[in-house]
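task: produce atomic coordinates for the following.
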Amino acid sequence: MEINVLIDKEFKKQVKSIRLKSLARQIQTAEKVSTKSEMTLVITGDDKIHALNLKYLEEDRPTDVLSFPMGEQLNTAPAFVSSPDGKLHLGDIIISYPTAARQAEEHNHSVDREITILLIHGILHLLSYDHDIPERKRAMNMREEAILRSIEEQGL
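Modelled structure (predicted):
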């Protein structure tokens, strides 16, 4: 599994790339994602995630996490171009560190735990999970909780 992690300079001291890669691998393994997969994770600030949220989702506010699936793993459309390297390109996840920090404080847990929760949520979106209707929301919430429990049991 190839996991590309990009962290804005201002958050490099707060977030460890190696931990994020390990978490992403564990989440993908829990979901039985091919080892020949690739994704990108970006840790950024509220201004950048706000701009992306407005541009792509027409939501004029910052948010905690955005997921941009590539589409080739979805049943909705075939890939535009087959990957020459044979990898399944899952897509991109963007997490706002400041929003994660605020939410962690609200929930009385660490920022690391909040980022783990957001990463699980984002990867499940890349894998076609959604929370648009009650049944799908329940299924997604159950997977999120199970994966988080497994990660916490392993001490990551």
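
low pLDDT regions in this protein?
Across the chain, the ranges flagged by pLDDT under 70 are 71-84, 156.

residue ranges for the helices of it, please.
Along the chain, counting by DSSP state H, helices occupy 17-30, 46-57, 97-107, 111-126, 134-153.

what angle separates the third one from helix 111-126?
Relative orientation of helix 97-107 with respect to helix 111-126: 110 degrees, computed using axes from the mean of the first three to the mean of the last three CA atoms, to 10 degrees.

quick one, which of the helices of the chain is packed in tightest?
Per-stretch averages of neighbours, counted by mean count of other CB atoms under 10 Å, single out helix 111-126 among the helices of the chain, with a mean of 22. Bear in mind the C-beta positions are built from the backbone N, C-alpha and C, glycine included.

which residues are in contact with that helix?
Contact with helix 111-126 is made by 14-15, 19-20, 23-24, 27-28, 31, 39, 41, 43, 64-67, 69-70, 73, 90-91, 93, 95, 97, 100-101, 103-104, 107, 140, 143-144, 147-148, 151, 156, as judged by CB atoms under 8 Å, 6 or more residues apart in numbering.

now with 6 Å?
Residues outside helix 111-126 that contact it (CB atoms under 6 Å, 6 or more residues apart in numbering) are 23, 27, 64-65, 67, 69, 90-91, 93, 95, 100-101, 103-104, 140, 143-144, 147-148.

between helix 17-30 and it, find me the angle.
With the same axes, to 10 degrees defining the directions, helix 111-126 sits at 40 degrees from helix 17-30.

what's the local residue count around the residue nearest to Leu54 when sequence neighbours are not counted?
Leaving aside its sequence neighbours, Leu54 sits nearest to Asp60 (CB to CB, 6 or more residues apart in numbering; 5.2 Å). Per other CB atoms under 10 Å, the neighbour tally for Asp60 reads 8.

same question, the one 4 residues further on
For Asp64, the number of neighbouring residues by other CB under 10 Å comes to 21.

contacts only, for it.
Here Asp64 is in contact with Ser96, Thr99, Leu118 (criterion: CB under 6 Å, 6+ apart).

cool, and Met1?
Arg25, Gln28, Thr35, Ser37.

one more pass at 8 Å, please.
Contact analysis of Met1 by CB under 8 Å, 6+ apart lists Ala24, Arg25, Gln28, Val33, Thr35, Ser37, Glu38, Met39.

rebuild those as TSV, extending it with distance to Leu124.
Below are the contacts of Met1 laid out as TSV (distance: CB to CB, whole Å):
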residue	distance to Leu124
Ala24	12
Arg25	15
Gln28	10
Val33	11
Thr35	18
Ser37	14
Glu38	17
Met39	12
